[in-house]
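Engineer: below are the sequence and a predicted model for it; my questions follow.
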Amino acid sequence: AVESLSRQLQQVREVSAQVGGKLTRQLRRAHDEKAKVASQLNQHAEVLRKLADFVRVPGAPPPVEQLLGQALRCGWESMRWEHNYSLLHYVCEAVSDPRLAELVALLGGAAALAQRDDRGLRPLDYALSNSC
């Protein structure tokens, strides 16, 4: 009985080592993939920062180019909007070209679309009332 238990214990150890080795290899691959994606993300962020100096928005009010450039250089999430009224709020309220609103919305992401200003209004609320 002791010999049987000893064999079973040895089998459990072998299976455990195999599974542990497999999990270790998978974890290593996932870590390598994460590093690769992080590197690509950093490269894309650097491209956006460099691109900011070349952004021109014909027909848009001057604050749009300035704030768009800042958002590209610094990242949307690092921007601090007075009264929580973001560039997307402004574009939706004051600019008639929906392509610009789409660009700014893509830059800001889902959080920008849902952000309410101090009056409780979302960018969509301004877009719906925009008569431009």
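Structural biologist: Noted; the coordinates are in hand.
Engineer: so is residue 6 in a helix, a strand, or just coil?
Structural biologist: Look at residue 6: counting by DSSP: H, G, I helix; E, B strand; the rest coil, its state is helix.
Engineer: what about it, neighbour count?
Structural biologist: Around residue 6 there are 10 other residues, counting by other Cβ atoms under 10 Å. The way it works is simple: take the backbone N, C-alpha and C, and place the C-beta from them, glycine included.
Engineer: distance check, it against residue 69.
Structural biologist: 72 Å (Cβ to Cβ, to the nearest Å).
Engineer: and residue 89, by the same measure?
Structural biologist: 18 Å.
Engineer: more neighbours: which of these two?
Structural biologist: Between residue 89 and residue 69, counted using other Cβ under 10 Å, the more crowded position is residue 89 (25 against 18).
Engineer: buried ones in whichever helix or strand the more buried one is part of?
Structural biologist: Using DSSP states H and E, residue 89 maps to helix 87-94. For helix 87-94, the neighbour count (16 or more other Cβ atoms under 10 Å) marks 87, 88, 89, 90, 91, 92, 93 as buried.
Engineer: just the CA atoms of that helix, as CSV, please.
Structural biologist: Extracted in CSV, the C-alpha atoms of helix 87-94 (Å, rounded to 0.1, in the frame of the first residue of the first chain):
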residue,chain,number,x,y,z
LEU,A,87,-12.5,69.8,-26.7
LEU,A,88,-15.1,67.3,-27.8
HIS,A,89,-17.8,69.4,-26.1
TYR,A,90,-16.6,72.5,-27.9
VAL,A,91,-16.3,70.8,-31.3
CYS,A,92,-19.8,69.3,-31.0
GLU,A,93,-21.2,72.7,-30.1
ALA,A,94,-19.3,75.1,-32.4
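Engineer: lovely, talk soon.
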